[in-house]
Every structure is written in structure tokens, then in C-alpha cells.
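Engineer: pasting a predicted model and its sequence here:
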Amino acid sequence: MGMPAQSDVRRMVAQARTIVVKVGSSSLTLPSGHLDVRRLDALVAAVASAVRLGARVVLVSSGAIAAGFGPLGFASRPADVATQQATASVGQGLLMARYEASFARYGIRVGQILITAEDTTRAAQYRNARRTLERLLELGVVPIVNENDALASNEIRFGDNDRLSALVANIVRADALVLLTDVDALYTAPPSEPGSRRIDYVPDVVDALGRVEVAGSSSGVGTGGMVTKLEAARVAAVSGVPVVLTCAANAGPALMGDPVGTVFAPVHDRGSSRRLWIGFAAEPRGAIIVDEGAARAVRGGQASLLAAGAVEVRGGFSSGDPVWIDAEDGTHLARGLAAYDSEEIPQMLGRTTAQLRRILGDDYAHPLVHRDNLVLV
Ligand SMILES: Nc1ncnc2c1ncn2[C@@H]1O[C@H](COP(=O)(O)OP(=O)(O)O)[C@@H](O)[C@H]1O
Ligand SMILES: N[C@@H](CCC(=O)OP(=O)(O)O)C(=O)O
């Protein structure tokens with residue numbers, strides 16, 4: 001895929017049918033820890049216009065904690081996990097109540113989906129989330145997604161919703177991802193730094209990651225800052241989804257594909273949702289270490305991983321689980337779905353398909369990872 005012009009990418013956004021819109025805490029709440037109803041209503045007006053014009057919009061909304069601490073009598077965002085979870089539980093209800101009322105002004109229904117990081121790494125939950133989201137969109141509902149903060153355990157939670165929104169874009173096979181925050185665009189350095197310049201087009205996000213100076217959140221209510229937004233833009237762009245990053249006040253023009261904020265070009269053609277899951281969401285359970293010949297074949301992008309080229313297996317996994325395919329020096333080459341349980345593999349290592357058939361039977365005469373289930377990293 002050649003490098004598209006900015007106008008082409010803006011057109012892709014304007015024509016997008018399925019759009020994931022992510023809005024950050026700082027765009028929906030007041031520093032006092034209450035909902036900013038005026039700004040929430042303005043966002044809803046922009047989304048409702050897009051829906052009326054035929055777009056299918058999934059809204060990934062932060063703000064549960066930031067809208068919950070005021071009503072609970074706290075002066076600032078709580079720092080300990082248990083209080084954050086309790087605050088999120090209160091704030092999430094307030095957030096949904098307002099979205100429900102606000103979308104009702106346009107005759108649009110909303111549905112709540114709370115996702116944990118684990119839901120995106122397990123194939124069955126991932127499929128389930130996709131089915132529900134698809135059905136909601138078919139029914140004309142605007143799904144409103146947030147992390148399940150009240151239950152997510154601290155070690156495995158996303159924490160910010162930026163990366164979650166990129167995964168949701170994969171789940172619903174979105175045509176565009178719109179990241180709404182409290183700055184109008186990506187800058188060459190944090191906007192508070194003198195000399196930082198606004199960037200309106202990023203043709204290659206992977207290249208940009210090395211050039212832009214980013215910092216975490218400074219709003220006091222947001223969490224990820226620009227770091228996680230660029231990470232989300234990378235996952236989306238590499239998945240073939242164009243991304244617009246701008247402030248929430250620009251939601252309307254951003255959804256129309258008007259030249260606001262920063263637009264990131266997709267850097268690959270869009271893969272199948274299943275391959276994207278293997279490549280980005282699935283959490284590998286172990287690794288299969290391969291020799292140089294197999295590494296070359298895997299890197300070529302067309303070959304399955306045969307037992308003949310595998311030298312070692314690490315970790316405990318079952319057939320169908322995601323695994324790393326690593327070179328002997330530890331470099332990650334690919335991710336794939338194992339065709340066998342980890343305990344079955346040692347007896348297969350280094351053996352050709354003919355040997356496997358003779359010694360272990362037909363059931364073992366297959367690749368360890370089929371090329372359809374393998375994604376280069
Ligand atoms: N290079 C940069 N360009 C733009 N903003 C940046 C950059 N580096 C850091 N930031 C900061 O990132 C903040 C947005 O992140 P965050 O507060 O987490 O928002 P949200 O709550 O919308 O997720 C901006 O307010 C800005 O100060
Ligand atoms: N799920 C959390 C999101 C936390 C958060 O601050 O996210 P963000 O504002 O997107 O950086 C919430 O709703 O409070």
C-alpha cells in the first residue's frame with residue numbers, strides 16, 4: 001500500500017460507515033468531579049448527526065471515575081484502587097443516565113458494554129463482544145463502551161481507554177477511529193513546551209512514534225496522556241483503520257472528515273478481524289522456539305510453522321491458545337495459534353511430517369502453527 005495523500009485519508013474518514021469514537025475524561029467532566037453536561041450534550045449532538053446520516057457509531061467513553069468522585073464528596077480523583085473502583089461504579093451509572101437522556105433527544109437508544117482487558121485476550125469473549133456490538137449496531141443503537149473499572153484487577157487493566165478503543169475498532173471492523181481529547185491535535189512536543197508545533201497529517205505512525213515528544217496526562221482526571229493515544233493510533237493504523245485525533249469540541253467536523261486535528265493514515269491493508277486479534281489482542285501463553293531455517297520461512301510470511309524447524313517449547317498452553325514464535329536469540333518473529341497442547345509438542349520437535357506420521361500417527365502430521373493462524377510482528 002503506497003503512502004496516501006492527506007486528502008485521501010480525510011475522505012476515508014468522511015465515507016466511514018462504522019466509526020469508533022473515543023472520548024476522554026477531561027472532555028466530559030469538571031475538575032470538581034462532576035459531569036460537564038453541556039459538553040457531554042454537545043458530543044452527543046455531533047454523534048447523533050453522524051448516526052442520522054447513516055453512520056454506525058460505537059462510543060468508547062471514559063469519565064466514570066472523573067464523574068463519580070464529586071458526588072461521593074471527594075475533592076480529587078481517589079488514588080487507591082478500591083476507592084477508584086467504588087467511584088467508577090457510581091460514576092458509570094451517572095454517565096450512562098446522562099447519555100441515555102441526551103441521545104433520547106434525537107430518538108436514539110444507547111446500550112452499555114463494560115469490557116475487561118481479559119475479554120479482549122480470550123477468543124470466546126472476543127467473539128461474544130463482537131456479536132453483541134454487531135447486533136446493537138444493526139438495531140440502530142449507539143453502544144457505549146468503557147472498561148469494567150469496578151471489577152478490573154489492577155495488574156491487567158487497560159487503565160486508559162485509548163488502547164481499548166483501538167481494540168474495539170478491530171472488534172467491530174471499524175472504518176475510522178476518532179480520538180477526542182482536550183488538545184486540538186498532536187504536537188511535536190507537549191503543547192505547553194515553547195516551540196511545539198501542530199501536526200495535521202501523520203502518513204506513517206510507526207515513523208512518527210520516534211519523532212514526536214509525548215508526555216502523560218496533565219489534566220488531573222485523564223490517565224494515558226499522548227503516549228497511549230499514539231499507541232492506539234499505531235494499533236489502528238497498522239490494522240488498516242485511519243485515525244483522527246482532536247479535541248471533543250471538534251467532534252462534529254472530525255466525524256464529517258473535515259480537516260481538523262491530526263489524521264493518521266492506515267499503514268496496511270485491513271486484515272481479517274481474527275488475524276488482528278492474534279496480532280494485537282491475544283495474550284501469548286507460551287513460546288515455540290524455531291531454528292534459523294524456520295525463522296526465515298516464517299518471516300517470509302507464507303509458511304506454516306512445521307515441527308521440523310522447532311527446537312523448544314516454553315510455557316503451558318492448550319491447542320488453540322496464542323503463542324509467540326521466537327528465534328533462538330529470543331527475538332519475537334510472529335504470534336500464532338498453537339495447533340497442539342504444549343505437552344504434546346516436545347515429542348514432535350525436529351521431526352519431518354513423514355516421520356511424525358510414521359511414529360505418532362496422522363493426528364500429529366500437521367504444522368505446529370498453520371499459516372492462516374500466524375501473524376508476523
Ligand atoms: N506531543 C503532544 N501533543 C499533544 N498533546 C500532548 C503531547 N504530549 C503530551 N500531551 C498531553 O496529552 C494530554 C491528553 O491526554 P489525557 O489527559 O490523558 O486526555 P484524555 O482524558 O482525553 O484521555 C493533553 O492535554 C496534552 O497536555
Ligand atoms: N475507565 C476509566 C477511564 C480512565 C481514564 O482516565 O481514561 P482517559 O480519560 O481516556 O485517559 C473511567 O471511565 O474513569
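Structural biologist: Right, received. Where do you want to start? Ligands and ions are numbered 1, 2, ... in the order given.
Engineer: may I see the buried residues of stretch 349-367?
Structural biologist: Of the residues in stretch 349-367, Leu349, Arg351, Leu356, Tyr364, Ala365, His366, Pro367 count as buried by neighbour count, 16 or more other C-beta atoms under 10 Å. Heads up, the C-betas are built off the backbone N, CA and C, glycines and all.
Engineer: among those, which are in reach of ligand 2?
Structural biologist: Among those, no residue sits close to ligand 2 (C-beta under 6 Å from any ligand atom).
Engineer: then the helix or strand hosting Val168 to PDB, C-alphas only?
Structural biologist: Element membership for Val168, per DSSP states H and E: helix 162-171. The C-alpha coordinates for helix 162-171 follow below in PDB (Å, rounded to 0.1, in the frame of the first residue of the first chain):
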ATOM      1  CA  ASP A 162      -7.200   4.700  24.300                       C
ATOM      2  CA  ARG A 163      -5.900   1.200  23.600                       C
ATOM      3  CA  LEU A 164      -9.300  -0.300  24.400                       C
ATOM      4  CA  SER A 165     -10.800   1.900  21.700                       C
ATOM      5  CA  ALA A 166      -8.300   0.600  19.100                       C
ATOM      6  CA  LEU A 167      -9.200  -3.000  20.000                       C
ATOM      7  CA  VAL A 168     -12.900  -2.100  19.800                       C
ATOM      8  CA  ALA A 169     -12.200  -0.700  16.300                       C
ATOM      9  CA  ASN A 170     -10.800  -4.100  15.400                       C
ATOM     10  CA  ILE A 171     -13.700  -5.900  17.000                       C
END
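Engineer: now the very next helix or strand once past it against helix 162-171, angle please.
Structural biologist: The helix or strand immediately downstream of helix 162-171 is strand 176-181, counting by DSSP H and E. Using axes from the mean of the first three to the mean of the last three C-alpha atoms, to 10 degrees, the inter-axis angle of strand 176-181 relative to helix 162-171 is 160 degrees.
Engineer: contacts for strand 176-181, please.
Structural biologist: Residues outside strand 176-181 that contact it (C-beta atoms under 8 Å, 6 or more residues apart in numbering): 12-13, 16, 18-24, 26-27, 43, 162, 165-166, 169, 222, 229, 232-233, 236, 241-248, 250-251, 254-255.
Engineer: circling back to that earlier point, so what's the gap between the helix holding Val168 and the chain middle?
Structural biologist: Relative to its parent chain, helix 162-171 has a centroid offset of 3 Å by C-alpha atoms, centre = their mean, to the nearest Å.
Engineer: packing partners of that helix?
Structural biologist: Other helices and strands packing on helix 162-171, by 3 or more C-beta pairs under 8 Å, 6 or more residues apart in numbering; DSSP states H and E, are strand 18-23, strand 56-61, helix 117-121, helix 123-138, strand 142-147, strand 176-181, helix 225-238, helix 273-276.
Engineer: looking at the ones you listed, which is closest to ligand 2?
Structural biologist: Among the helices and strands packed on helix 162-171, the nearest to ligand 2 by C-beta to the nearest ligand atom is strand 142-147 (4.2 Å).
Engineer: would you mind listing what in the stretch 251-377 of the chain touches ligand 2?
Structural biologist: Neighbours of ligand 2 within the stretch 251-377 of the chain, by C-beta under 6 Å from any ligand atom: none found.
Engineer: quick check: the residue of the stretch 251-377 of the chain nearest ligand 1.
Structural biologist: Thr262 (8.6 Å).
Engineer: and that residue, bridged to which residues?
Structural biologist: Beta-bridge pairing of Thr262, defined through DSSP bridges, involves Leu245.
Engineer: in the chain, where is pLDDT below threshold?
Structural biologist: The chain contains residues with pLDDT under 70 at 1-2, 154-156, 216-224, 270-271.
Engineer: quick one, domains of it?
Structural biologist: 6-276, 284-376 (automatic domain parsing).
Engineer: please state the offset of the longest one from the chain centre?
Structural biologist: When distances are taken as C-alpha atoms, centre = their mean, domain 6-276 is centred 10 Å away from the chain's centroid.
Engineer: do the last one as well
Structural biologist: Its chain's C-alpha centre lies 27 Å from the corresponding centre of domain 284-376 when counted by C-alpha atoms, centre = their mean.
Engineer: which SS state does Pro4 fall under?
Structural biologist: Per DSSP: H, G, I helix; E, B strand; the rest coil, the secondary structure class of Pro4 is coil.
Engineer: tally of neighbours for it?
Structural biologist: 17 (other C-beta atoms under 10 Å).
Engineer: spit out the contact partners of it.
Structural biologist: Taking C-beta under 8 Å, 6+ apart as the test, what Pro4 contacts is Pro203, Ala265, Pro266.
Engineer: again, but for Asp258
Structural biologist: Asp258 sits next to Arg10, Ala14 when contact means C-beta under 8 Å, 6+ apart.
Engineer: measure it to Ala237 for me?
Structural biologist: Here Asp258 is placed at a distance of 20 Å from Ala237 (C-beta to C-beta, to the nearest Å).
Engineer: and what of Ala295?
Structural biologist: In terms of C-beta to C-beta, Ala295 sits 27 Å off from Ala237.
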